[in-house]
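A.B. asks: Can you look at this prediction? I've put the sequence above it.
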Amino acid sequence: MSVGEIHVAISSDQDIVSARQKGRAMASEIGFSSGDATLIATAISELARNIVTYARKGQIALKPVNGLNRQGISVIASDNGPGILDIRQALRDGYSTSGSLGLGLPGVRRLMDEFEISSQPGQGTTVAVKKWRQ
Amino acid sequence: MEVPILKQGAVLIATFQAALSDADLNLLRMGLVQQVVKFRSRAVIVDVTAMDVMDSFASRTLREIAHMIRLRGAETVIVGIQPEVAFAMVQLGLTLEGVATALDLEEGLAYLNEKFKTTN
């Protein structure tokens, strides 16, 4: 497989569309079903939107990953925005500080297989998620 | 990206494309409500068959469109949500509560015909 790592700079709503299209294309190349590619593209859309809404700019890194007997995709969304004060609260359904629905992070967690978040108030936020091919 | 809005009698039909940005969705929301006023439309069908991702923003916008149009006294039906998109929406916890949905354009029109018949 010759799928390489892709970085998508995120600073506008148009970049959200571009990131999720690139993510879907990579997922298909890795061999994900179209249903799983949709889940991955949707998760990327939510992560990219969080960047635009809360940090204004950041980036999404997409790359294929190899497990023991499986292949998958890694999506890392990072920004140098205001960070999240209370991560546990941000992971609760219905929580939002921007007046949006606040379903973003818990939803992304359900769409993907692995989910890690790190954030420093004033420094930024990194959300790293993976999905494995069935 | 322009979203074509077709006028068919008292019904407006808006066909969403795959790669709509947030700005496109906002424009569409305004455009649809204005056209409902202009044409005194009784219903709007939003066809999302081509949409491959329905994230929280898109589904919130659809819900808002439907609610605004209801305030104008017209009906909205969302048609063509793809099975995998529906699956992703449920995983994300997104619902289109209070908004009518139908399988495709044909079913959407049939639903509206039935509805207008009973309210007349």
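C.D. replies: Done, it's in.

A.B. asks: okay, the most centrally placed residue in chain B: pLDDT?
C.D. replies: Geometric centre of chain B, nearest residue: residue B:46, 2.9 Å, by CA atoms, centre = their mean. Looking at residue B:46, its pLDDT is 96.

A.B. asks: is it true that it lies in a strand?
C.D. replies: Yes. Remark: residue B:46 belongs to a strand, assigned using DSSP: H, G, I helix; E, B strand; the rest coil.

A.B. asks: and it, bridged to which residues?
C.D. replies: Note on residue B:46: beta-bridge partners by DSSP bridges are residue B:14, residue B:78.

A.B. asks: wait, doesn't it sit right on residue B:69?
C.D. replies: No. Residue B:46 is beyond contact range of residue B:69, at 9.6 Å (criterion: CB atoms under 8 Å). Heads up, the C-betas are built off the backbone N, CA and C, glycines and all.

A.B. asks: shared neighbours, the two?
C.D. replies: B:32, B:76 (CB atoms under 8 Å, 6 or more residues apart in numbering or on different chains).

A.B. asks: low-scoring pLDDT stretches of chain A, where are they?
C.D. replies: Low-confidence segments of chain A (pLDDT under 70): A:1-2, A:93-103.

A.B. asks: same thing but 90
C.D. replies: A:1-4, A:67-69, A:83-107, A:134 (pLDDT under 90).

A.B. asks: Return the residues of it in contact with chain B.
C.D. replies: Contact residues (CB under 8 Å from any CB of the partner chain) of chain A with chain B: A:13-14, A:16-17, A:20-21, A:24, A:34-35, A:38-39, A:41-42, A:45-46, A:49, A:93, A:100-101, A:103-104, A:106-108, A:110-111.

A.B. asks: so who does the nearest residue to residue B:40 once chain neighbours are set aside touch?
C.D. replies: The shortest distance from residue B:40 to any non-neighbouring residue, by CB to CB, 6 or more residues apart in numbering or on different chains, is to residue B:10 (7.7 Å). Residue B:10 makes contacts with B:39-43, as judged by CB under 8 Å, 6+ apart.

A.B. asks: could you pull out the strands for the chain?
C.D. replies: Looking at chain A here, since you left the chain open. Taking DSSP state E, the strands of chain A run over residues A:6-10, A:58-66, A:71-79, A:114-120, A:124-132.

A.B. asks: Wait, chain B was what I had in mind.
C.D. replies: Counting by DSSP E, the strands of chain B are B:5-8, B:11-15, B:43-47, B:75-79, B:100-102.

A.B. asks: average pLDDT across the shortest one?
C.D. replies: Right, the one you point to is strand B:100-102. For strand B:100-102, the per-residue pLDDT averages 97.

A.B. asks: List the neighbouring strands of it plus their orientation.
C.D. replies: In the sheet, strand B:100-102 lines up with strand B:75-79 (parallel) (DSSP bridges).

A.B. asks: The first one too?
C.D. replies: When pairing is defined by DSSP bridges, strand B:5-8 lines up against strand B:11-15 (antiparallel).

A.B. asks: What are the contacting residues of the partner strand?
C.D. replies: Under CB under 8 Å, 6+ apart, the answer for strand B:11-15 is B:3-7, B:28, B:32, B:35-36, B:39, B:41-47, B:49-50, B:105, B:109, B:112.

A.B. asks: Using neighbour counts, trim those residues to the buried set.
C.D. replies: B:3, B:5, B:28, B:32, B:36, B:41-47, B:105, B:109, B:112 (16 or more other CB atoms under 10 Å in any protein chain shown).

A.B. asks: Between those, which sits nearest chain A?
C.D. replies: residue B:28 (13.3 Å; CB to the nearest CB).

A.B. asks: ok, now which ones touch the residue nearest to the closest one when sequence neighbours are not counted?
C.D. replies: Nearest non-adjacent residue to residue B:28, counting by CB to CB, 6+ apart: residue B:3, 4.9 Å away. Taking CB under 8 Å, 6+ apart, we find residue B:3 in contact with B:14-17, B:20, B:24, B:28, B:31.
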